[in-house]
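Student: sequence plus predicted model, see below.
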Amino acid sequence: MVDSEPLHPVRVPPDALSPEALAHLIEEFVTREGTDYGGIDISLASKTAEVEKQLRSGDAIILYDPSEQSVNIVTRRVADQILPDTGPL
């Protein structure tokens, strides 16, 4: 058995996803259990629009983790800590 190097997460540009896939990913992200907006009631449309804006501006990043075969949205700061140092995103 050969040991292989661990697979690193990969950045996925929002435009690499179909509009439908991006919308579903963002909706799943903002409706996850544990997402807490405090006592403020914010509409799903407002939450999804804000996340999409952050993705488009680069303040949030879509990461695909091949080891876990999962996709997540993280802040740019978190992505900078997770991704191998390959230069600016």
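Tutor: Looks like it arrived, so ask away.

Student: show me where the chain has strands.
Tutor: Along the chain, the stretches classed as strands by DSSP state E are 10-12, 60-65, 70-75.

Student: deepest of the ones you listed, which one?
Tutor: The highest mean neighbour count among the strands of the chain, using mean count of other C-beta atoms under 10 Å, belongs to strand 60-65: a mean of 19. Placement of C-beta: from N, CA and C, glycine included.

Student: if we can go back for a sec, reformat the strands of the chain as CSV; add mean pLDDT and distance to residue 30.
Tutor: Formatted as CSV, those follow (pLDDT from 0 to 100; distance: least, C-beta to C-beta, whole Å):
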stretch, mean pLDDT, distance to residue 30
strand 10-12, 92, 18
strand 60-65, 95, 11
strand 70-75, 94, 9
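
Student: need those strands in CSV with distance to residue 51, can you?
Tutor: CSV is the format used below for the strands of the chain (distance: least, C-beta to C-beta, whole Å):
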stretch, distance to residue 51
strand 10-12, 14
strand 60-65, 6
strand 70-75, 7
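
Student: all helices for this protein, in order.
Tutor: Under the criterion DSSP state H, the chain contains helices at 19-30, 44-57, 76-82.

Student: nearest to residue 7, out of these?
Tutor: Set against residue 7 and scored by C-beta to C-beta, the helices of the chain come closest in helix 76-82, at 12.3 Å.

Student: contact partners of that closest one?
Tutor: 8-9, 11, 58-61, 63, 74, 89 (C-beta atoms under 8 Å, 6 or more residues apart in numbering).
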